[in-house]
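Asks: give me a model of this one.
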Amino acid sequence: MLSGLMNFLRACFWPKADGYVHTGSDTSGRQVGLLWFKDTGQHFNGEFSMAVVQANNLIEDQSQIESGSLGMHDSGPYGTFLGIYDGHGGPEASRFVNDHLFQHLKRFTSEHQTMSIEVIRKAFQATEDGFFSVVSKQWPTKPQIASVGTCCLVGVICNGTLYVANLGDSRAVMGSRVKATGEVLAIQVSTEHNVSIESVRQELQSLHPDDSQIVVLKHNVWRVKGIIQISRSIGDVYLKKAEFNREPLYAKFRVCEPFKRPILSSEPSISVHQLLPQDLFIILASDGLWEHLTNQEAVDLVQNHPCSGSARRLVKAALQEAAKKREMRYSDLKKIERGIRRHFHDDITVIVVFLNSNLVSRASSTKSPNISVKGGGAINLP
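Replies: As a prediction, the model looks like this:
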């Protein structure tokens, strides 16, 4: 009986002959070392692919794809929700967004009975307010949570329309075919908020005309108040509410002079695109990918290979480039443990969503089963 039990456990938990560690149902994806991936799945508008590779001791990237009803009830509207949340200072903010943002979006979609820019903006604000409540409650015993935040990139496909909302420096890029030549070009469909971009620095300086030190060049890197590179986020309460910019928060996070208005913003940049038959796919990824690949390189890599495994292929290309920059072999980079790995590359999260024009054009009232996949599987555990 004992040997039979052991054989059962081996079948469930030990690596299979294909080299993958199977972690349950198809929605859970697969994991090899620090890499988690789901090579293919079906969403309301076509196929998708996801991959996550961990670099930090605790993974700070979170992600999700939700397909089916975008409202609180089965009456719809139906479509696809995509989220990439690149945390910093800890995993708490990105995990909070992963658990709450889509739920807020569903609530406001039902209230307004449609998908809109206003619905998305309200969902972001409700999520920001919710995390602020968490920080307020935990401040007396865990004050460092005031310095935890996350970038937040969201895509919503509904009624043949793509909405892209962003805070921070994750990025969404569309692969779109040029009718005249047949080539597939990369079109960036998100706006980034990183002060390495001159227009972002100018925006901050215009919002804070009395503060000559709102953006500082430190060790050849532009930073807000010499601390952080992004100008918009969820969380980072210590740079939004002056009452949290004090002891017992670590001195390295505190801004010396008092401030009367929030230094960082939680107002997302939102763009709207009517999808066309030549729009083939969208790549959403944390900045860990874009540090190593250009928009066009990423689009070419997706376009020139089968749909299945696209996200994993992009992660591998980024890691190969990271290894090349350090003059080391990719095989050696993969052997480096989490934590130490952060010296070579960031956590990287990628979602590739393929657009089937026949499915994209169908009405949002067409009923569809609900699908929910959270990127990372077992590596999301504390």
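Asks: only C-alpha atoms from now on, for both contacts and neighbour counts.
Replies: Fine.
Asks: now the helices for this structure?
Replies: Shown for the chain, the helices assigned by DSSP state H span residues 2-13, 92-112, 117-138, 198-207, 287-290, 295-303, 310-325, 330-333, 357-360.
Asks: now tabulate those helices in TSV and tack on mean pLDDT and mean neighbour count.
Replies: Output for the helices of the chain, formatted as TSV (pLDDT from 0 to 100; neighbours: other Cα atoms under 10 Å):
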stretch	mean pLDDT	mean neighbour count
helix 2-13	38	11
helix 92-112	97	21
helix 117-138	98	19
helix 198-207	96	15
helix 287-290	96	22
helix 295-303	98	19
helix 310-325	95	21
helix 330-333	88	14
helix 357-360	80	16
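Asks: I'd like those helices as CSV, with distance to residue 219 appended.
Replies: Shown next, in CSV, are the helices of the chain (distance: least, Cα to Cα, whole Å):
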stretch, distance to residue 219
helix 2-13, 47
helix 92-112, 27
helix 117-138, 31
helix 198-207, 17
helix 287-290, 20
helix 295-303, 27
helix 310-325, 20
helix 330-333, 26
helix 357-360, 47
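Asks: how much space between the closest residue to residue 38 other than its chain neighbours and residue 158?
Replies: Excluding the flanking residues, the one nearest residue 38 by Cα to Cα, 6 or more residues apart in numbering is residue 29, at 4.4 Å. Using Cα to Cα, to the nearest Å, one gets 25 Å for the distance from residue 29 to residue 158.
Asks: kindly report the same for residue 224.
Replies: Distance from residue 224 to residue 158, by Cα to Cα: 36 Å.
Asks: which of these two has more residues huddled nearby?
Replies: Shown here are residue 224 and residue 158; by other Cα atoms under 10 Å, residue 158 has more neighbours (27 against 23).
Asks: surely the more buried one and residue 116 touch.
Replies: No: judged on Cα atoms under 8 Å, residue 158 makes no contact with residue 116 at a distance of 9.5 Å.
Asks: thinking again about what came up before, what is the burial count for the residue nearest to residue 38?
Replies: Residues near residue 29, counting by other Cα under 10 Å, number 24.
Asks: and the residue lying closest to residue 281 once chain neighbours are set aside, what does it touch?
Replies: Closest residue to residue 281 apart from its sequence neighbours, by Cα to Cα, 6+ apart: residue 354 at 4.2 Å. Taking Cα atoms under 8 Å, 6 or more residues apart in numbering, we find residue 354 in contact with 45, 46, 47, 48, 280, 281, 282, 307.
Asks: shouldn't residue 174 be in contact with residue 285?
Replies: No: using Cα under 8 Å, residue 174 is not in contact with residue 285; the gap is 11.7 Å.
Asks: more neighbours: which of the two?
Replies: Comparing residue 174 with residue 285 by other Cα under 10 Å, the one with more neighbours is residue 285, at 30 against 25.
Asks: residue contacts, the residue lying closest to that one once chain neighbours are set aside?
Replies: Once flanking residues are discounted, residue 285 sits nearest to residue 350: 4.4 Å by Cα to Cα, 6+ apart. For residue 350, the contact set (Cα under 8 Å, 6+ apart) comprises 50-52, 84, 283-286, 289, 311-312, 314-315.
Asks: could you do residue 178 as well?
Replies: The contact partners of residue 178, taken as Cα under 8 Å, 6+ apart, are 184, 185, 278.
Asks: pretty sure the second one is touching residue 177, no?
Replies: Yes: because the distance of 6.3 Å satisfies Cα under 8 Å, residue 185 is recorded as touching residue 177.
Asks: who is the residue nearest to residue 285 paired with across the strands?
Replies: Beta-bridge pairing for residue 350 (DSSP bridges): residue 51, residue 285.
Asks: separation between it and residue 333?
Replies: 19 Å.
Asks: same question for residue 93.
Replies: Here the distance between residue 93 and residue 333 works out to 28 Å (Cα to Cα).
Asks: that older thread, what's the closest of the helices of the chain to residue 37?
Replies: Ranking those by proximity to residue 37 (Cα to Cα) places helix 310-325 first, at 6.4 Å.
Asks: what sits up against the closest one?
Replies: Contact partners of helix 310-325, identified using Cα under 8 Å, 6+ apart, comprise 37, 39, 49-53, 289, 292-293, 298, 301-302, 329-330, 333, 344-345, 348-352.
Asks: got it, and stretch 268-285?
Replies: Residues contacting stretch 268-285 (Cα under 8 Å, 6+ apart): 84, 117, 121, 124, 153, 160-167, 170-179, 189-191, 232, 299, 348-357, 360.
Asks: of the residues you listed, grab the buried ones for PyMOL.
Replies: Selection of the buried residues among those in PyMOL, burial being defined by 16 or more other Cα atoms under 10 Å:
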select buried, resi 84+121+124+153+160+161+162+163+164+165+166+167+170+171+172+173+174+175+176+177+189+190+191+232+299+348+349+350+351+352+353+354+355+356+357+360
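Asks: lowest mean pLDDT among the helices and strands of this structure, which one is it?
Replies: Lowest mean confidence among the helices and strands of the chain (mean pLDDT, DSSP states H and E): strand 21-22, at a mean of 32.
Asks: the longest strand in this protein is where?
Replies: In the chain, with assignment by DSSP state E, the single longest strand is strand 78-88.
Asks: tilt between it and helix 92-112?
Replies: Per axes from the mean of the first three to the mean of the last three Cα atoms, to 10 degrees, the angle that strand 78-88 makes with helix 92-112 is 150 degrees.
Asks: now for strand 78-88, which elements pack on it?
Replies: Strand 78-88 sits against strand 61-69, helix 92-112, strand 149-150, strand 152-158, strand 348-354, with contacts defined as 3 or more Cα pairs under 8 Å, 6 or more residues apart in numbering; DSSP states H and E.
Asks: so what strands line up beside that strand?
Replies: Here strand 78-88 has these sheet partners by DSSP bridges: strand 61-69 (antiparallel), strand 149-150 (antiparallel), strand 152-158 (antiparallel).
Asks: please consider this matter closed, and thank you.
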